[in-house]
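Student: Build the 3D model from these lines:
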Amino acid sequence: MVKVVQGALRGQGKRFGIAVARFNEVVTERLLHGAIDALRRHGVADGDITVVWVPGAFELPTACRWLAQDGADALVMLGAVVRGGTDHYEYVCSGVTDGAMRVGLDTGLPLGFGVLTCSEMEQALARAGGEHGNKGEDAAIAALTMLDVQAQLPATRSARSAGPGAGRTG
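Tutor: Numbering: from 1, shown residues only. Below you'll find the predicted structure:
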């Protein structure tokens, strides 16, 4: 018989760390409200949510690493990078996405990626509670789902209990 693992949205007793960028705060504040609302709806207590504000998207991976070290069971990363007239956009987008992947792999924690990379502010606002939903909510749901998937896989539980990076090779 095929074993199928699907994550459920169960947040009771789980600790979530949310890193939020202040840059483009008109967008990121809305993403944060969506993420917190989703976590609350699925049983996460306010006392189990830690929010860390950082200057910009580039600082998000470091803040998530610190939240992992502080005891979070899952992480949510929220930011908004809007294209400007220089190459800065590409460097920030690349850095934050590479950093997010590294934090997730290095810590073994589920990480909901809610960093918008948009060509213009209107696109970001549309994805922060506008006509395209709230990607902060989506990131929180992804973290909740992956946390439950992790709990159903015995090898991930034992690697996680051994500490960050345990069970990794290479």
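
Student: Secondary structure element for residue 78, which one?
Tutor: Under the criterion of DSSP states H and E, residue 78 resides in strand 74-82.

Student: for the next helix or strand after that strand, packing partners?
Tutor: The C-terminal neighbour of strand 74-82 among helices and strands, as given by DSSP H and E, is helix 88-107. In this structure, helix 88-107 makes packing contacts with helix 60-69, strand 74-82, strand 111-118, judged by 3 or more C-beta pairs under 8 Å, 6 or more residues apart in numbering; DSSP states H and E. The way it works is simple: take the backbone N, C-alpha and C, and place the C-beta from them, glycine included.

Student: mind checking which of the ones you listed is nearest residue 29?
Tutor: Proximity to residue 29 (C-beta to C-beta) singles out strand 74-82 among those, at 9.3 Å.

Student: ok so, going back, just the helices and strands packed on helix 88-107: most buried one?
Tutor: When those are scored by mean count of other C-beta atoms under 10 Å, the highest mean neighbour count falls to strand 74-82 (a mean of 28).

Student: could you give the angle of it to helix 60-69?
Tutor: Comparing the axes of strand 74-82 and helix 60-69 via axes from the mean of the first three to the mean of the last three C-alpha atoms, to 10 degrees yields an angle of 170 degrees.

Student: ok, strand 74-82: who's next to it in the sheet?
Tutor: For strand 74-82, the paired strands and their directions (DSSP bridges) read strand 16-21 (parallel), strand 111-118 (parallel).

Student: Can you give the distance of the longest one from its chain's centre?
Tutor: Which is strand 111-118. The gap between where strand 111-118 is centred and where its chain is centred comes out at 7 Å by C-alpha atoms, centre = their mean, to the nearest Å.

Student: how far off helix 88-107 does that strand point, in degrees?
Tutor: Using the same axes, to 10 degrees, the direction of strand 111-118 lies 170 degrees away from that of helix 88-107.

Student: got the contact list for the residue nearest to residue 115 when sequence neighbours are not counted?
Tutor: Nearest in space to residue 115, with sequence neighbours left out and distances taken as C-beta to C-beta, 6 or more residues apart in numbering, is residue 79 at 4.2 Å. For residue 79, the residues meeting the contact criterion (C-beta atoms under 8 Å, 6 or more residues apart in numbering) are 20-21, 23-24, 28, 31, 56-57, 60, 96, 114-116.

Student: Stretch 66-83 - what's its average pLDDT?
Tutor: On average, the pLDDT along stretch 66-83 is 97.
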